[in-house]
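Enquirer: Here is a sequence together with a model predicted from it:
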Amino acid sequence: MLRSAHFLKIFILTFSLMLSWGGSSLIAQDAAAGQKVFRSYCAACHKIDRAMTGPQLGGINEKYAGDEEWLYSWIRNAPELINAGDPKAVALFEEWGTMMQANPTMTDADIDNVLAYIQQEWVASQTATADGGATGAGGGDQANPLDQPQFYYALFALVAVLLLITLLLLVITATLVSAVRAKEEQEPLRLSEIQKRTWSLLKNRFVITAISLIVLVGGLTKWVEWSRGISIHQGYMPEQPIKYSHKLHAGEYGIECEYCHSGVTKSKNAWIPSTNVCMNCHKLIQEGPKYGKEEIQKIYDAIGFDPAKGQYIEGYEQKAVEWVRIHNLPDHAYFNHAQHVVVGGLECQTCHGEVQEMEVVYQYSTLSMGWCINCHREEKVKTLGKENPEGLTVEDMGGLDCARCHY
Ligand code: HEC
Ligand code: HEC
Ligand code: HEC
Ligand code: HEC
Ligand code: HEC
Ligand code: HEC
């Protein structure tokens, strides 16, 4: 009995060691940080192993060896270099025709990391191709083994094989025991006896704890998924004219909210992007992973673009895409995004939920007066920074005055 518990512990320990080893050997420290930067700032336009909206980034370290200073200023602020008439920058822009976005807040360390990540993925994909491995490093943004379904299939197969071996061993033991008993002319082994023994093994406390833990965690995850599903139906989630996904754009490709909702930092309204903003990328990205060409074609139908020729259709009568508005305060209430996002330092997610995980956006908060007031009672004012020792709240600054929110 004790031995089998021991064996299980050792097995689990080895297995978790294998896991952490697998994870850490795949992602070196700074490349891991670089992967985050890549996903948030670059993946929307670049792939490592092939061109997309921007050029392929694999091999970029070699291309700019000895010219790192230029490379760093380019990554930090390409538009500035292009506008200043830097010959290399202008040539690139003329070749590709889309302005790369500026990343003025990016530190040298961020750039070091992202370049290290690009190099690592590039080398890995090169070796994979040389080995004849067809899959390679793919888009370069999928290094975590835990994210991949194959990992779970493998895990499942492993468990199945282990169970089979256990069964086989049981059968062998039973046969041996029966043989010995037959020789010593004892009663042969009965099925009920095997059952009893198996049961006493299962009753072992460690095994029971392990199994109940698995069931509990599994159940909890399901429950969370289920309760999330419920809240989706509570929020307003109208069907939109194009199956645009925040999960894909803001989540997987990490495009900044402000890239499309450019009003948030400077005006009352966040603004819904115009079709021109979509075209910055979709002039070249003409197919999606889920709907193929169908949904992206709707952008072209609105703006008048011929994807086969890669040209705008002359004299086309453009139509706006009629997005259905989800959030709407009554006219008598005043709300200002810039004040909350810039001055108040609030994240979009505080009020809108985890939009980057939503396939279709829905209204996450109630937007009732009570909701505004509750936060104003509790939220400390950030503009005062460290000079806010008394922890002044928005309420203390007059945030509950009727006239602040009502015309
Ligand atoms: C909005 C799209 C976009 C984003 C986001 C973007 N790029 Fe670019 N990038 C481009 C385009 C387009 C070009 C080609 C030059 C041009 O037209 O401006 C380019 C060119 C480059 C080049 C020069 C390539 C060469 O062959 O010389 C490098 C290096 C580069 N990008 C790195 C990055 C990195 C690193 C990031 C993330 C921090 C990034 N880019 C984010 C669109 C983008
Ligand atoms: C590539 C462009 C793009 C990016 C990036 C983007 N959005 Fe959007 N967003 C849209 C479009 C288009 C709509 C209108 C269609 C819809 O509701 O899905 C929209 C709608 C919304 C709405 C609902 C607006 C309404 O009608 O009331 C919210 C809230 C929102 N976005 C928040 C965010 C947040 C938060 C982020 C960053 C995590 C983000 N968006 C990133 C394009 C974008
Ligand atoms: C910064 C670049 C960028 C911008 C801006 C952008 N997209 Fe995309 N879009 C992408 C990328 C990347 C993909 C995925 C391509 C892939 O994975 O093959 C995509 C895919 C799509 C798809 C296909 C989804 C699928 O699963 O088939 C649709 C539809 C789409 N975008 C609509 C829009 C609309 C509408 C806008 C403007 C509001 C927009 N996009 C703006 C980069 C962008
Ligand atoms: C303090 C809460 C709060 C924060 C933080 C916030 N929003 Fe909003 N958002 C609202 C409210 C309230 C509305 C409805 C406004 C109205 O109807 O006038 C709204 C509406 C919107 C809309 C609908 C269209 C429009 O022009 O108003 C978009 C898009 C949006 N928000 C995006 C964002 C993004 C992106 C961020 C983060 C950069 C953000 N919001 C941060 C509360 C917030
Ligand atoms: C999650 C917290 C939060 C929510 C929800 C919220 N606010 Fe605010 N609000 C703030 C913060 C923080 C500030 C202070 C910004 C600053 O430092 O000036 C603020 C400031 C304001 C101001 C300016 C007050 C002044 O002193 O001039 C107005 C007006 C306002 N909010 C309206 C609203 C309305 C209307 C709603 C609901 C639709 C709302 N807010 C929801 C956090 C919130
Ligand atoms: C922080 C912002 C804020 C402050 C402060 C505020 N309100 Fe409101 N109020 C709102 C918002 C947002 C709505 C709309 C909510 C809705 O439609 O559910 C609203 C709705 C109302 C309504 C209409 C209710 C309805 O059912 O249409 C009245 C009346 C009202 N407020 C009175 C007041 C009075 C009186 C004060 C001062 C004691 C006050 N409000 C302070 C944000 C505020």
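Expert: Perfect, thanks for sending it. Ligands and ions are numbered 1, 2, ... in the order given.
Enquirer: ok, which residues in the stretch 201-350 of the chain are in contact with ligand 3?
Expert: 242-244, 248-249, 253, 255, 260, 273, 277-278, 280-282, 285, 288-291, 295-296, 299 (C-beta under 6 Å from any ligand atom). Yep, even glycine has a C-beta here, placed from its N, CA and C like the rest.
Enquirer: Next to ligand 6, which bits of this protein? Give me the list.
Expert: 329-330, 333, 368-369, 372-373, 376, 400-402, 404-406.
Enquirer: Which part of the stretch 51-200 of the chain gets nearest to ligand 6, residue-wise?
Expert: residue 105 (30.7 Å; C-beta to the nearest ligand atom).
Enquirer: what about that residue, distance to residue 76?
Expert: Per C-beta to C-beta, to the nearest Å, residue 105 is found 9 Å from residue 76.
Enquirer: Just want to know which of the two has more residues nearby.
Expert: Between residue 105 and residue 76, counting by other C-beta atoms under 10 Å, residue 76 is the more crowded of the two (18 against 8).
Enquirer: Pull the residues that contact stretch 37-49.
Expert: 52-58, 98, 100-101, 103, 106, 110, 113-114, 117-118, 121-122, 125, 136-141, 249, 252-256, 259, 281 (C-beta atoms under 8 Å, 6 or more residues apart in numbering).
Enquirer: at 6 Å what do you get?
Expert: With C-beta atoms under 6 Å, 6 or more residues apart in numbering as the test, stretch 37-49 has contacts from 53-54, 57-58, 103, 110, 113-114, 117-118, 121-122, 125, 139-141, 253-255.
Enquirer: ChimeraX command for the buried members of those?
Expert: Entered in ChimeraX, the line below selects the buried ones among those, by 16 or more other C-beta atoms under 10 Å:
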select :53,54,57,58,103,110,113,114,117,118,121,122,125,139,140,141,253,254,255
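Enquirer: Tell me which of the contacts of stretch 37-49 fall in helices.
Expert: Helix and strand membership here follows DSSP state H; of those, those in helices are 110, 113, 114, 117, 118, 121, 122, 125.
Enquirer: Quick one: distance of stretch 107-126 to the chain centre.
Expert: Chain-centre distance of stretch 107-126: 19 Å, with C-alpha atoms, centre = their mean, to the nearest Å.
Enquirer: Show me where the stretch 201-350 of the chain has its helices.
Expert: For the stretch 201-350 of the chain, the helices defined by DSSP state H, counting those that start in this stretch cover 205-234, 246, 257-260, 275-282, 294-303, 337-338, 348-352.
Enquirer: any chance of those in CSV, with mean neighbour count and mean pLDDT too?
Expert: CSV is the format used below for the helices of the stretch 201-350 of the chain (neighbours: other C-beta atoms under 10 Å; pLDDT from 0 to 100):
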stretch, mean neighbour count, mean pLDDT
helix 205-234, 10, 66
helix 246, 20, 96
helix 257-260, 17, 94
helix 275-282, 17, 94
helix 294-303, 18, 95
helix 337-338, 18, 93
helix 348-352, 17, 94
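Enquirer: can you tell me which of the ones in helices among the contacts of stretch 37-49 are up against ligand 1?
Expert: Near ligand 1, by the rule C-beta under 6 Å from any ligand atom, you find residue 114 out of those.
Enquirer: So of the ones in helices among the contacts of stretch 37-49, which two are at opposite extremes in space?
Expert: Using C-beta to C-beta, the two most remote members of the ones in helices among the contacts of stretch 37-49 are 110 and 125, lying 22.5 Å apart.
Enquirer: got a pLDDT number for residue 389?
Expert: Per-residue confidence (pLDDT) for residue 389: 67.
Enquirer: again with residue 236
Expert: 75.
Enquirer: wait, isn't it in contact with residue 363?
Expert: Yes - counting by C-beta atoms under 6 Å, residue 236 does reach residue 363; the two are 4.4 Å apart.
Enquirer: any common contacting residues for these two?
Expert: Contacts common to residue 236 and residue 363, judged by C-beta under 6 Å, 6+ apart, are residue 326.
Enquirer: What is the burial count for whatever residue of the chain ends up closest to ligand 3?
Expert: Closest to ligand 3 within the chain is residue 288: 2.0 Å, counting by C-beta to the nearest ligand atom. As a burial measure, residue 288 scores 15 neighbours (other C-beta under 10 Å).
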